[in-house]
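Student: Dropping a prediction and its sequence here:
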Amino acid sequence: MSDLLYVLPHFDTRPYTHLLPSLDKALITTNDLVTLEPHDVAKRAQLPAADVRRLVDQIVGALHRHLGCGGGEQASTAFLSAVRDTVGGISTLDTQLDAALSGGFRPGYLVEITGESGAGKTQLLLTLLLASQLPPPQGLAKSAIYISTEAPLATPRLAQLLSTHPALASLPLHERPSLSRILSIQTPDLESQEHILRYQLPVAIKKHNVGLVVLDSVAANYRAEFEKQGARNGAAASMARRGAQLVQLGALLRDLAHREGLAVVVANQVADRFARPSNPPSHAVSRTTSGNSQGNSQSAKPPTEAEDGLVLSPDPLALDHQQCWFTGWGDIQSDPLHSLKTPSLGLVWSNQISCRIALIKKPVFAGRPLVVTANGEDQWNDDENHISKWRRWLKVVFAPWAPSSEGRGVEYEVLKTGISHVSRKEK
């Protein structure tokens with residue numbers, strides 16, 4: 001049970017001090033307690049079954065409260081008052097995006113925003129930093145903290161949003177959000193990140209009346225630290241250690257959100273998954289044949305749905321098959337172009353968050369124009385097919401307060417004035 005306080009940092013172990021040494025000696029973990037029968041655990045540790053059952057009931061109740069799905073008399077007063085006083089939480093300042101989130105980002109939860117580079121994660125986070133200062137129902141009327149593991153806080157972009165966003169620029173000066181109410185902290189490595197989150201952050205939250213904590217991004221320090229360690233100490237040991245630290249981080253952030261009644265939003269990167277196609281790609285053969293018959297090479301062109309179809313795993317119990325239901329990619333069978341994406345940090349981190357929001361982007365290709373050569377013959381321009389623009393969607397993958405989005409979700413665009421949904425007439 002040496003991992004109990006890592007999973008539940010504020011669990012009161014005093015009533016169970018007579019049980020913990022025997023559980024430690026029997027190598028029983030918190031995961032064993034909540035997944036195995038109490039009778040089997042008691043027999044293995046040579047303890048009274050009734051005492052073990054009481055301990056299990058307390059741990060399960062504490063886990064429910066950490067995830068925001070348990071109430072009762074012991075529920076956090078700050079969390080309950082925050083939920084009661086706010087209808088929609090922190091708004092995205094866009095009506096359609098708020099509708100997809102059933103009002104916005106709720107306090108008391110650990111929320112992840114994941115997406116590829118350029119999808120608009122930071123733009124959405126910057127909007128939340130300002131919106132959290134607005135009075136309910138658009139915000140919490142509280143300050144915000146931005147913790148960066150990569151680039152520093154983009155204050156010029158925040159100032160631009162303040163002066164150009166329709167929902168902010170129209171407010172009187174004394175009611176507008178202020179950059180002075182956004183605290184910025186940088187964590188260049190895991191050691192400093194651990195110290196800041198565990199010791200400095202709780203003090204800053206109480207001192208500055210904080211309602212939103214943003215971590216951008218959660219994967220950067222772990223990738224840098226453990227990729228370096230994996231090359232030196234072995235990948236398996238490095239991944240096991242990273243998994244344990246992710247469990248501790250998730251427990252810490254969930255407890256902070258629940259106990260202080262604030263929203264914790266983290267940005268996450270996206271990685272590619274690779275799978276072998278079930279059949280050789282038909283477009284590879286067709287391009288070779290076409291090139292031989294015409295006497296010139298064929299340039300690359302955007303893959304079609306039929307060309308790019310891949311089968312990840314036919315086994316419904318395989319993780320590779322099930323990922324499409326909790327990653328945000330791969331659940332649309334007609335869109336295989338994005339089926340091989342997955343949020344970073346894997347299944348361990350997915351089990352730590354209460355809500356996942358995927359920002360999906362897809363290229364729009366422009367065709368190559370025909371040109372007329374000097375001898376009067378038609379010939380394709382030498383320029384390859386190029387991406388003319390990107391389309392983006394916000395998709396609620398899972399959330400305790402909002403239903404999952406249908407299809408790709410709500411289409412939006414990133415403008416000078418902020419993030420705005422795209423109406424059907426504009427598509």
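Tutor: That came through fine.
Student: what is the closest residue to residue 218 other than its chain neighbours paired to in the beta sheet?
Tutor: Of all residues not flanking residue 218 in the chain, residue 266 sits nearest, at 4.3 Å (C-beta to C-beta, 6 or more residues apart in numbering). Just so you know, the C-beta spots here come from the backbone N, C-alpha and C atoms, and that holds for glycine as well. Beta-bridge partners for residue 266, by DSSP bridges, are residue 112, residue 215.
Student: Over to the one 5 residues further on?
Tutor: According to DSSP bridges, the residues that bridge with residue 271 are residue 342.
Student: List the contacts of it.
Tutor: Applying C-beta atoms under 8 Å, 6 or more residues apart in numbering, we find residue 271 in contact with 341, 342, 343, 344.
Student: isn't the second one right next to residue 325, touching?
Tutor: No: contact criterion C-beta atoms under 8 Å: residue 342 and residue 325 do not qualify, at 12.0 Å.
Student: quick one on the thing from earlier: which of the contacts of residue 271 sits closest to residue 155?
Tutor: residue 344 (26.7 Å; C-beta to C-beta).
Student: who's in contact with that closest one?
Tutor: Contacts of residue 344 by C-beta under 8 Å, 6+ apart are 114, 219, 223, 268, 269, 270, 271.
Student: Point out the least confident member of the residues you listed, please.
Tutor: Least confident by pLDDT among those: that is residue 223, with 73.
Student: returning to that earlier point: comparing residue 342 and residue 325, which residue is more hemmed in?
Tutor: residue 342 (22 against 12; other C-beta atoms under 10 Å).
Student: And residue 266, how close does it get to residue 37?
Tutor: 35 Å (C-beta to C-beta, to the nearest Å).
Student: cool, residue 103 as well?
Tutor: 41 Å.
Student: what about these two, which has more around it?
Tutor: residue 103 (19 against 12).
Student: correct me, but the more buried one touches residue 136?
Tutor: No: here residue 103 lies out of contact with residue 136, judged by C-beta under 8 Å, at a distance of 10.5 Å.
Student: Run through the residues that contact residue 114.
Tutor: 121, 267, 268, 269, 270, 328, 343, 344, 356, 357, 358, 359 are the contacts of residue 114 under C-beta under 8 Å, 6+ apart.
Student: quick one: it from residue 123, how far?
Tutor: For residue 114, the distance to residue 123 - C-beta to C-beta - is 14 Å.
Student: Show me the shaky parts of this structure.
Tutor: 1-2, 66-88, 224-235, 274-314, 333-339, 367-385, 425-427 (pLDDT under 70).
Student: Mind splitting it into its structural domains?
Tutor: 4-66, 77-271 (automatic domain parsing).
Student: how about the ones you listed in TSV, adding distance to residue 400?
Tutor: Below are the domains of the chain laid out as TSV (distance: least, C-beta to C-beta, whole Å):
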stretch	distance to residue 400
domain 4-66	11
domain 77-271	7
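Student: mind listing the helices for the stretch 251-400 of the chain?
Tutor: Applying DSSP state H, counting those that start in this stretch to the stretch 251-400 of the chain gives helices spanning 282-294, 319-322, 346-350.
Student: Go through stretch 204-212 and flag the buried ones.
Tutor: Neighbour-count burial for stretch 204-212, counted by 16 or more other C-beta atoms under 10 Å, picks out 205, 210, 211, 212.
Student: Closest one of these to residue 417?
Tutor: residue 212 (21.3 Å).
Student: that's a helix at the closest one, yeah?
Tutor: No: read with DSSP: H, G, I helix; E, B strand; the rest coil, residue 212 is strand and lies in no helix.
Student: For residue 6, see how far away it is.
Tutor: When residue 212 is compared with residue 6 (using C-beta to C-beta), they lie 25 Å apart.
Student: can you check residue 423 too?
Tutor: 48 Å.
Student: Compare neighbour counts for the two and give me the winner.
Tutor: In this view residue 423 and residue 6 are compared by other C-beta under 10 Å, and residue 6 has more residues nearby, 15 against 9.
Student: looking at this, that one is in a strand?
Tutor: No: assessed with three-state DSSP, residue 6 is helix; it does not lie in a strand.
Student: That one is in contact with residue 249, isn't it?
Tutor: No: judged on C-beta under 8 Å, residue 6 makes no contact with residue 249 at a distance of 9.9 Å.
Student: Strands along this protein, start to end?
Tutor: For the chain, the strands defined by DSSP state E cover 110-115, 143-148, 182-186, 210-216, 263-268, 270-272, 341-343, 355-366, 370-372, 378-380, 386-398, 410-415, 418-421.
Student: outside of the fifth one, which residues touch it?
Tutor: Read that as strand 263-268. 89-90, 105-114, 121-122, 125, 128, 132, 140, 211-219, 253-254, 256-257, 343-345, 349, 353.
Student: repeat that with 7 Å
Tutor: For strand 263-268, contacts defined as C-beta atoms under 7 Å, 6 or more residues apart in numbering pick out 89-90, 105-107, 109-114, 121, 125, 128, 211-219, 253, 256-257, 343-345.
Student: Now, of these, which are buried?
Tutor: Using 16+ other C-beta under 10 Å, the buried members of the contacts of strand 263-268 are 89-90, 105-107, 109-114, 121, 125, 128, 211-219, 253, 256-257, 343-345.
Student: about what we covered before: tell me the one among the contacts of residue 271 nearest to residue 177.
Tutor: residue 343 (29.4 Å).
Student: Wait, that closest one touches residue 327, no?
Tutor: Yes: under the criterion of C-beta atoms under 7 Å, residue 343 makes contact with residue 327 at 5.8 Å.
Student: Report how many residues lie close to the residue nearest to residue 117 when sequence neighbours are not counted.
Tutor: Of all residues not flanking residue 117 in the chain, residue 269 sits nearest, at 7.7 Å (C-beta to C-beta, 6+ apart). Using other C-beta under 10 Å, residue 269 is surrounded by 18 other residues.
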